[in-house]
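# 3D model of this:
(one chain, ligands or ions: 1)
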Amino acid sequence: MATQFVKAERLRRLPPYLFAEIDKKKKAAIAAGRDIINLGVGDPDRPTPTEVIRSVQHHVENPAFHQYALDQGAPELRRSIAAFCKRRYELELDPETEVLVLIGSKEGLAHFPLAALNPGEISLVPDPCYPAYRSASMFAGGDLYTMPLEASLDFRPDLSAIPADVLALARLMFLNYPNNPTGATADLPFFEKVVELARANKFVVAQDAAYNEMYYENAPPSILQVPGAKDVAIEFHSLSKTFNMTGWRIGFAIGGAPLIAALGQVKANSDSGVFTAIQFAGRTALDEYHKLGPPIRALYKERRDAFVGALKQLGWKVPVPKATFYVWIPCPAGFTSAELCAKLLDEADVVTTPGIGFGRTADGYIRAALTVETPRLLEAVERIGKLKL
Ligand SMILES: Cc1ncc(COP(=O)(O)O)c(C=O)c1O
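Model prediction:
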C-alpha cells in the first residue's frame, strides 16, 4: 500500500541540500578506489586528548551518572564553564542562571529561534553561513533577511545596510565569529555596534563562537565582553573543535539569565541533557584548556601556513584565515564554486566544499578544511597545481 505520509510544509520549504552532488561524486570516487584527499569535512582528524578520555572512562563507572542528567547541566560543569569564561574572557557569569550545557552547540543554535522568534518576525542571517541558522529560523516560522558577508568588509555584515522596515520586525540576529566558512574574526568594536543596534531595535543576538578557541595569532573576544551585552546576547560555545570532541556532543550557551532560561525551557520540552559522564569529561577538558589548547592550535597553524603558502606559490590569491581550520579560496576566473569543486575532484582527487552550499553570495569561493596532515595538504596543492587553472 502506498504511504499516506505527506512531509510537513516546513521541511518542504527548506532550501535544497547543495552538497548532494559533490557527496555523490566523492562516494563514487572512494568506492572506485581512488586516492582521495578529503578537505571537505569540518571534523578534526586527531583523537580527543588522553586526559579527556581517561576522565570519561573514570566517570562512566559512576552509577549516579547512569540516570537522567540535570536539565541545565551538572552544577560542577557549569561552575567550570564560568571559571573558564572568567580566565579566558574576564567574564563574570552566574553558573546557576547564565550558563546552560548543550548537546553540542548545534543543538542550542537550532533550538534558540523557538525561544526567541514568533511566526512572521524576522531573523537576520549572514550569507554565507552555517546552514542551521536558516533552517532553525524557518522551523520557528520566522522570515529570513540575508546579510551578505563581503571580503571588502572583512566578511562582517554591513549593519547600516539593513533597512529600517526590516529592523522593525527583526527579533533575532545570528552571527558567527570566528566564521565558518570564511575564517574571518570580529573584534570588540564590531560587537559593540551590534549590541547597540540590538538594543535600539529590540532584537537579540545569537553569536556562534564554536571556533573561538581555534585561532592563530590573536585570541578572539566574546560578544559578552561588551558592557551590557548580556541583556541582548547569547553566545554558543563548543568543545567539539577545541578539543577534538565532535562525536561526544557537548557545548554550552552563556548569556543573560532570561535568554538562557528561555532556551532551557525549549530544551526541557525536547531533550534530557548530556550524559553526565561526558559532562565531567568536558569539565576536565575546560579545566585543562591552558594545556590542551596550545598544541591543537599549533598543529593547525603549521597546516595553515603550509597549505596557504603553497597555494600562494601557485599564484592563488588566498586570504590567510585568522581563526578556524577553514581556508576560503576565491575561485579562479570562469568557475562557479560547484564547477571548481567538481574539477578538483574529477581531475585531482581533492574534495573541497562549494561556497554556494553556504549561501548565494558565496559562489565565488570554495572551502578547504585543514583536517588532513601537512604532507597530504601539500600533495593536494601539488595536484591542484598540475591542473594549471
Ligand atoms: C559554525 C558552526 N557552528 C556550530 C557547529 C556545531 O558544532 P557542535 O554542534 O559540534 O558544537 C559547527 C560544526 O561544524 C559549525 O561549523
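# what does this structure put close to the ligand?
By Cβ under 6 Å from any ligand atom, the part of the chain that sits against the ligand consists of 42, 104-106, 130, 176, 180, 208, 210, 238, 240, 246, 251. To be clear about C-beta, it is placed using only N, CA and C from the backbone, and glycine gets the same treatment.
# nearest residue to Val205 in space, please, no chain neighbours.
The shortest distance from Val205 to any non-neighbouring residue, by Cβ to Cβ, 6 or more residues apart in numbering, is to Ala233 (4.4 Å).
# how about that neighbour, phi and psi?
With angles defined as degrees, to the nearest 10, Ala233 sits at phi -130, psi 150.
# gap between it and the ligand?
Between Ala233 and the ligand the distance is 16 Å, computed by Cβ to the nearest ligand atom, to the nearest Å.
# try Ala136
Per Cβ to the nearest ligand atom, Ala136 is found 11 Å from the ligand.
# what's around that residue, how many residues?
Residue neighbour count, defined by other Cβ atoms under 10 Å, stands at 24 for Ala136.
# lowest-pLDDT helix or strand in the protein?
helix 20-31 (a mean of 84; mean pLDDT, DSSP states H and E).
# pLDDT at Leu18, what is it?
Per-residue confidence (pLDDT) for Leu18: 67.
# okay, strands next: where are they in the stretch 201-350 of the chain?
For the stretch 201-350 of the chain, the strands defined by DSSP state E, counting those that start in this stretch cover 204-208, 233-238, 251-255, 326-330, 350-351.
# state the mean pLDDT of stretch 98-116.
Mean pLDDT, taken over the full extent of stretch 98-116, equals 98.
# just the buried residues of it, please?
98-116 (16 or more other Cβ atoms under 10 Å).
# what does stretch 371-378 give?
Thr371, Val372, Thr374, Arg376, Leu377.
# okay, the residues you listed in a markdown table with pLDDT and distance to Ala64 next?
Written out in a markdown table, the entries for the buried residues of stretch 371-378 read as follows (pLDDT from 0 to 100; distance: Cβ to Cβ, whole Å):
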| residue | pLDDT | distance to Ala64 |
| --- | --- | --- |
| Thr371 | 97 | 37 |
| Val372 | 97 | 41 |
| Thr374 | 98 | 44 |
| Arg376 | 98 | 44 |
| Leu377 | 98 | 45 |
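# of all the residues you listed, which two lie farthest apart?
For those, the farthest-apart pair by Cβ to Cβ is Thr371 and Thr374; their separation is 11.7 Å.
# so who does Met173 touch?
The neighbourhood of Met173, defined by Cβ atoms under 8 Å, 6 or more residues apart in numbering, consists of Ser123, Leu124, Val194, Ala198, Phe203, Val204, Val205, Ala206.
# my bad, should have said Arg10
Applying Cβ under 8 Å, 6+ apart to Arg10 gives the contacts Met138, Phe139.
# in what helix or strand does it lie?
helix 9-12 (DSSP states H and E).
# which helix is the longest one in this structure?
In the chain, with assignment by DSSP state H, the single longest helix is helix 289-313.
# how about the contacts of Met173, which pair is most distant?
Farthest apart among the contacts of Met173 - using Cβ to Cβ - are Ser123 and Val194, which lie 14.7 Å from each other.
# coming back round to it: extract the CA atoms of the helix holding Arg10 and return them as CSV.
Output of helix 9-12 as CSV, limited to C-alpha atoms (Å, rounded to 0.1, in the frame of the first residue of the first chain):
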residue,chain,number,x,y,z
GLU,A,9,5.4,22.0,4.9
ARG,A,10,8.3,23.3,7.0
LEU,A,11,10.5,20.6,5.6
ARG,A,12,9.4,21.2,2.1
